[in-house]
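**Student:** This is a predicted model, with the sequence first.
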Amino acid sequence: MRYLNLTLATAAENLALDEALLDEAESSDQPAETLRFWEAERPLVVVGRSSQLAAEVHQEACRELQIPVLRRASGGAAVVAGPGCLMYAVVLSLERRPMLRAVGQAHCCVLAMLTAALGPLVPDLKFHGISDLALGQRKVSGNSLRVKHGHLLYHGTLLYDFPLELIGRLLTMPPRQPEYRRARPHDAFVANLPLSAEAIRRAVASIWDAAEPYPDWPQARTARLVAEKYGRREWNEQGRSE
């Protein structure tokens with residue numbers, strides 16, 4: 001598997017690169033798999049492909065704090081990212097891993113790999129809800145996916161040194177909640193992994209056997225997706241309602 005530890009200059013570019021990796025794999029004449037990490041230099045909110053902003057985001061607080069709100073290509077609810085939140089993405093071949101065509105199985109398989117990677121370092125790490133990893137009963141990772149014909153993009157957050165109080169300032173209580181949340185507010189529900197970013201990257205890369213350097217990542221595809229989608233208000237603000 002190819003390995004890419006790369007944070008680009010803007011939030012739009014970073015979200016675009018995840019999709020560009022999926023699109024590039026789809027256009028390849030052979031199965032292509034990649035593991036990528038990135039970490040935003042300043043806080044941002046990332047909503048799901050079908051998210052309604054008014055239902056999930058405190059938009060006025062985002063404006064006051066000058067925190068951008070962008071939309072990703074995968075489903076799921078809004079998340080807050082930034083320094084102390086390691087973002088990962090893995091592009092997987094459905095030819096090599098046909099069981100991942102079932103969405104529920106994809107969540108189970110990928111999160112089982114993350115648990116196998118990080119569990120020896122963090123006891124009591126478990127798969128909860130549809131697509132969460134939790135330390136005990138507190139969420140440390142939220143995840144989502146997008147499936148195409150021959151490949152799957154699975155990506156998410158790994159909190160390790162994040163200012164957790166910021167989440168409640170920027171996000172509403174989500175419209176859909178896993179049972180284990182028990183209606184807890186954000187600051188009582190989320191937690192940081194007691195690990196460094198480097199320890200997380202090393203463990204996850206090892207479990208996926210991701211060691212092949214990837215210098216020729218899809219720069220042109222990324223730039224095109226920024227221009228056509230991630231850099232445009234029409235994409236990011238769909239579903240806005242004051």
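**Tutor:** Here it is on my side, so go on.

**Student:** Not counting its neighbours along the chain, what's nearest the most centrally placed residue in the chain?
**Tutor:** For the chain, the residue lying nearest the average C-alpha position, counting by C-alpha atoms, centre = their mean, turns out to be Gly156 (2.2 Å). Nearest in space to Gly156, with sequence neighbours left out and distances taken as C-beta to C-beta, 6 or more residues apart in numbering, is Asn143 at 3.2 Å. Heads up, the C-betas are built off the backbone N, CA and C, glycines and all.

**Student:** ok, and for the strand or helix carrying the residue nearest to the centre of the chain, which residues are buried?
**Tutor:** Here Gly156 sits within strand 151-159, counting by DSSP states H and E. Buried positions in strand 151-159, judged by neighbour count with 16 or more other C-beta atoms under 10 Å: His151, Leu152, Leu153, Tyr154, His155, Gly156, Thr157, Leu158, Leu159.

**Student:** check contacts around the residue nearest to the centre of the chain.
**Tutor:** Gly156 makes contact with Met87, Tyr88, Ser131, Ser141, Gly142, Asn143, Ser144 under the criterion C-beta atoms under 8 Å, 6 or more residues apart in numbering.

**Student:** before we move on, what about Val122?
**Tutor:** Each residue near Val122 by C-beta under 8 Å, 6+ apart is listed here: Leu135, Leu193, Pro194, Leu195.

**Student:** Give me the neighbour count for Val103.
**Tutor:** Val103 sits with 14 neighbouring residues when counted by other C-beta atoms under 10 Å.

**Student:** Verify the contact between it and Val147 for me.
**Tutor:** Yes - with contacts counted by C-beta atoms under 8 Å, Val103 reaches Val147, the gap being 7.1 Å.

**Student:** in the chain, which spans are helices?
**Tutor:** 11-27, 53-56, 59-65, 103-118, 165-170, 186-189, 197-208, 219-225, 233-236 (DSSP state H).
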